[in-house]
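In: Build me a structure from this.
(2 chains)
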Amino acid sequence: MSELIVQDAGPLTTIQDLGRAGHLRVGIPASGPMDREAFVLANRLVGNPDPAAGIECTLIGPRVTFTDERLVAVTGADMAPTVNGSAVPAWQGLRVHAGDVLRLGPARRGVRAYLAVAGGLETPLVLGSRATYVRGRLGGLEGRALRKGDRLPLGRVTAVRPRRVHPDRVPAYGGEPELAVVLGPQDDRFTPEGIAALFEGPYEMLPQSDRMGARLKGPWIEHTRGHDIISDGVALGGIQVIGDGQPIVLLADRQSTGGYTKIGTICSFDVGRIAQVKPGGRLRFRRVTVAEAHAMLRQSLRALDGAIE
Amino acid sequence: MTTWPEPRFLPCGDRALSVELGDEITRDVNARVLALEYLIHQKGLAGVGETLPSYRALLVYYDPLAIGYEALTASLRDLLAEASPEVLPPVRTVELPCCYGGELGFELEAAAQKLELAPDELARLHAGADYYVYFVGFTPGLPYMTGMPDRLTIPRLTNPRVKTPPGSVSIGGVQCCIYSVESPGGFWVLGRTPVRLYDPTAPDPILLRAGDHVRFRAIDRAEYDAIAAEVEAGRYRPRIDGPARPVS
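Out: Residues are numbered from 1 along each chain as shown, chains lettered A, B, ... in the order given. Prediction:
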């Protein structure tokens, strides 16, 4: 049986696929990769379909071995990957052999790295997905983060040639990313000054951030009349502002509903970029209309399709 | 508190919008939300993905490559004209055994004192009501319900608990909820049901759905323990009247 064996897991290493659709209405989030673009590119580099299950690593990567020869690829945060102790490039397909040790170290840039393995991980499907939702003890391996000694079954491999992401298309994960935001659903609960503050920024990523939400600190966002609303659904990327006037961006493992005002929503194509901002790192928001957001979405999907050489 | 004369369509980024039908917690507004959701899926509205109902709004995910924002809102407006509660399938009533007071209902006495009722009377009034599930969410399987007699309206706890055990049957304001996973909480815990509202190991992990009715059956500690053992062994099925399976 072909397997990936976890030798050391790292602090939060989970199995993810493109997520568990269809269960938000009973309170189960989609989960899935925090940086969807990096995840999809890793799969494409090894010839997998986009939804194949792979591994998300957080801040410090795992050490893993393989029981047979196959292509693997590492994308996302720069965790200085090595095979048998020698540095290997990220953002391209690599051939590993039985017994090879692939190690990802601490993230030098970015937060989350992705490891795709040709054939994908074939852990059990739970409600149609292999994505791990740790708080709900659902999916992945026994609903938990990976740990030392885990053996993950791998799917069948088809012969593909190793490919790489064009060097110009590899994200730098530095500076102050500017994320596109559509106002709403409760922007009418904020003063013009409050809305201006959001787009003035910058906001700093706080260490309490996790797969549920990114807690940010920056200019105070003023409400018109309190921060409570009648609880409603929370979209991916929703920017919730509570009493302290500070934003929380709701992410892959978010609560499905909430009773606090949401001033805006980060566009789907930029949600992955917030997932790569380290604690202490900064970011800004840029206001776009729904029509502009749709044009940008098309552009970003084209860019993704053109990213691999 | 009001019902909007026209629906409000509120953007939620580039892939979702919220259809808001009012600014009140009433069964009438909620039934229209559920009816709209039902019709969207029954008619297979093109380009629409997941939907998430709440008290007075429906969150609708869509694929902007398949349908534009204006076209989507126009279709939703058309569907809303038909979205009356009569289109919904028959409701289910789920009976949940509940052990009131003691260590499982550790705030029954305090809540009774606050409401100036005897603890037994509070438990009796709570168990005697018919509850309606507006929606399920926040954590997996948690039902947001009303239905209590007005006499049981109670302010939320001033200092929320850090941990509430799953199965805790609790009240706050006019609402009743049952914690589905261990989580913080600001409602008064009156009792506990041994039934799992969320069981990640089950083929269908979620017991309740939006639109369900819930009734509580008061049980003693011995029966609680007996049912809990059956639940643990995977043998217990709560009593459900109406359609055996949830509609969605």
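In: Quickly note the distance from residue A:224 to residue A:186.
Out: Counting by C-beta to C-beta, to the nearest Å, the gap from residue A:224 to residue A:186 is 10 Å. Every residue, glycine included, has its C-beta placed from N, CA and C.
In: go on, residue A:267?
Out: According to C-beta to C-beta, residue A:267 and residue A:186 sit 17 Å apart.
In: ok, now residue B:25?
Out: 17 Å.
In: between those two, who's got more neighbours?
Out: residue A:186 (23 against 19; other C-beta atoms under 10 Å in any protein chain shown).
In: wouldn't the more buried one be in contact with residue A:264 here?
Out: No - Residue A:186 lies out of contact with residue A:264 (C-beta atoms under 8 Å); the separation is 9.0 Å.
In: Is any residue of the helix or strand residue B:225 falls within near chain A?
Out: Using DSSP states H and E, residue B:225 sits within helix B:221-232. No - against chain A, helix B:221-232 shows no contacts by C-beta under 8 Å from any C-beta of the partner chain, the least distance being 15.7 Å.
In: Counting neighbours, which bits of that helix end up buried?
Out: B:224, B:227-228, B:231 (16 or more other C-beta atoms under 10 Å in any protein chain shown).
In: Closest to chain A out of those?
Out: residue B:231 (16.3 Å; C-beta to the nearest C-beta).
In: Which residues of the stretch 151-300 of chain A lie near chain B?
Out: Contact residues, the stretch 151-300 of chain A versus chain B (C-beta under 8 Å from any C-beta): A:182-186, A:230-238, A:255-258, A:262, A:265-269, A:290-291, A:293-294, A:296-298.
In: Only the buried subset of these, as a ChimeraX command please.
Out: A single ChimeraX command suffices to select whichever of these are buried according to 16+ other C-beta under 10 Å:
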select /A:182,183,184,185,186,230,231,232,233,234,235,236,237,238,255,256,257,258,262,265,266,267,268,269,290,293,294,296,297
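In: any idea of the mean pLDDT for the longest helix along chain A?
Out: In chain A, assigned by DSSP state H, the helix with the most residues is helix A:290-305. The average pLDDT within helix A:290-305 is 98.
In: cool, stretch A:231-244 as well?
Out: Taken as a whole, stretch A:231-244 has a mean pLDDT of 94.
In: how distant is that stretch from the center of its chain?
Out: Taking C-alpha atoms, centre = their mean, to the nearest Å, the mean C-alpha location of stretch A:231-244 is offset from the chain mean by 19 Å.
In: then it to PDB, C-alphas only?
Out: Output in PDB follows, covering the C-alpha atoms of stretch A:231-244 (Å, rounded to 0.1, in the frame of the first residue of the first chain):
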ATOM      1  CA  SER A 231     -27.900  36.700  14.000                       C
ATOM      2  CA  ASP A 232     -27.400  36.000  10.300                       C
ATOM      3  CA  GLY A 233     -25.100  33.900   8.000                       C
ATOM      4  CA  VAL A 234     -21.400  34.800   7.800                       C
ATOM      5  CA  ALA A 235     -19.900  34.600   4.300                       C
ATOM      6  CA  LEU A 236     -16.200  33.500   3.800                       C
ATOM      7  CA  GLY A 237     -14.100  36.700   4.200                       C
ATOM      8  CA  GLY A 238     -16.700  38.600   6.200                       C
ATOM      9  CA  ILE A 239     -15.300  41.400   8.200                       C
ATOM     10  CA  GLN A 240     -17.000  41.500  11.600                       C
ATOM     11  CA  VAL A 241     -16.600  44.500  13.800                       C
ATOM     12  CA  ILE A 242     -17.600  44.300  17.400                       C
ATOM     13  CA  GLY A 243     -17.600  46.700  20.300                       C
ATOM     14  CA  ASP A 244     -13.900  47.500  20.300                       C
END
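In: measure residue B:205 to residue B:179 for me?
Out: Relative to residue B:179, and taking C-beta to C-beta, residue B:205 is found at 15 Å.
In: more neighbours, these two?
Out: The residue with more neighbours, out of residue B:205 and residue B:179, is residue B:179; 26 against 23, by other C-beta under 10 Å.
In: Quick one, grab the pLDDT at residue 217.
Out: The chain I'm using is chain A. The model's pLDDT for residue A:217 equals 97.
In: my bad, the chain I had in mind was chain B
Out: So residue B:217 comes in at 97 (pLDDT).
In: burial count for residue B:141?
Out: 26.
In: element containing it, please.
Out: In the assignment (DSSP H and E), residue B:141 maps to no helix and no strand.
In: which residues does it contact?
Out: A:26-27, B:180-181, B:197-198, B:205-208 (C-beta atoms under 8 Å, 6 or more residues apart in numbering or on different chains).
In: Over to residue A:8?
Out: Residues counted as contacts of residue A:8 (C-beta under 8 Å, 6+ apart) are A:62-63, A:148.
In: Produce a PyMOL select command limited to the buried residues of the residues you listed.
Out: Burial among those is assessed by 16+ other C-beta under 10 Å; the matching PyMOL selection reads:
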select buried, chain A and resi 62+63
